[in-house]
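K.L.:
Sequence isn't available, so here's the structure alone:
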């Protein structure tokens, strides 16, 4: 029979593996110095963006990440670290983490993985500056719509000039 501590470690490793399978990526954050209410506020904010903060012992996290094949981010796991798994919107999660770290300097962004690409802290901050997915979609639609709108306006102006010309001819013949 296995010891309780070993069972807890295995459960945590399985949780990390399952969370990574279900997510689009992961960010590693250091939370040393954050109070319990601040951590609770961070977790609630992350839930609103469909992300989850998972805190586990470093040795368990390293072992699980090694099994998954994420050796690139193992080097930053030391001290109080947390793994932020996000489903599909990395921009909103990175923006939330960057804003939270500005308000609470105790939270430090370290590295991340997004679709098999390793992200540094600078990459995460650049990602946070991007517009949201809805805004990007609106910009694409407006860009695709612009040539059609210009064509319609050109045709409308041509018709307006033609009607104005006919009106002038009508007034000339009337007088």
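P.N.:
Sure, I can see it. Predicted model only: the values in this text are computed from it and were never measured. Numbers count the residues shown, from 1 in each chain.

K.L.:
where does the chain have low pLDDT?
P.N.:
Where the chain drops to pLDDT under 70, the residues are 1.

K.L.:
how about the helices in it?
P.N.:
4-22, 36-48, 58-68, 90-103, 121-129, 133-174 (DSSP state H).

K.L.:
Out of those, which is closest to residue 111?
P.N.:
Nearest of the helices of the chain to residue 111, taken as C-beta to C-beta: helix 121-129 at 7.2 Å. Just so you know, the C-beta spots here come from the backbone N, C-alpha and C atoms, and that holds for glycine as well.

K.L.:
Only the buried residues of that closest one, if you could.
P.N.:
The neighbour-count check on helix 121-129 (16 or more other C-beta atoms under 10 Å) flags 121, 123-125, 127-128 as buried.

K.L.:
what about the closest residue to residue 70 other than its chain neighbours, how many residues close to it?
P.N.:
If the residues on either side of it in the chain are set aside, residue 70 comes closest to residue 113, at 6.0 Å by C-beta to C-beta, 6 or more residues apart in numbering. A count of nearby residues for residue 113, using other C-beta atoms under 10 Å, gives 21.

K.L.:
Is residue 113 bridged to anything, and to what?
P.N.:
residue 26, residue 118 (DSSP bridges).

K.L.:
can you list the domains in this structure?
P.N.:
As given by automatic domain parsing, the domain ranges for the chain are 4-130, 133-175.

K.L.:
Buried deepest among the ones you listed, which one?
P.N.:
domain 4-130 (a mean of 17; mean count of other C-beta atoms under 10 Å).

K.L.:
now that domain, how far from the chain's geometric center?
P.N.:
Distance, stretch centre to chain centre, for domain 4-130: 13 Å (C-alpha atoms, centre = their mean, to the nearest Å).

K.L.:
now the end-to-end length of that domain.
P.N.:
45 Å (C-alpha to C-alpha, to the nearest Å).

K.L.:
Next: stretch 112-132.
P.N.:
End-to-end for stretch 112-132, by C-alpha to C-alpha: 19 Å.
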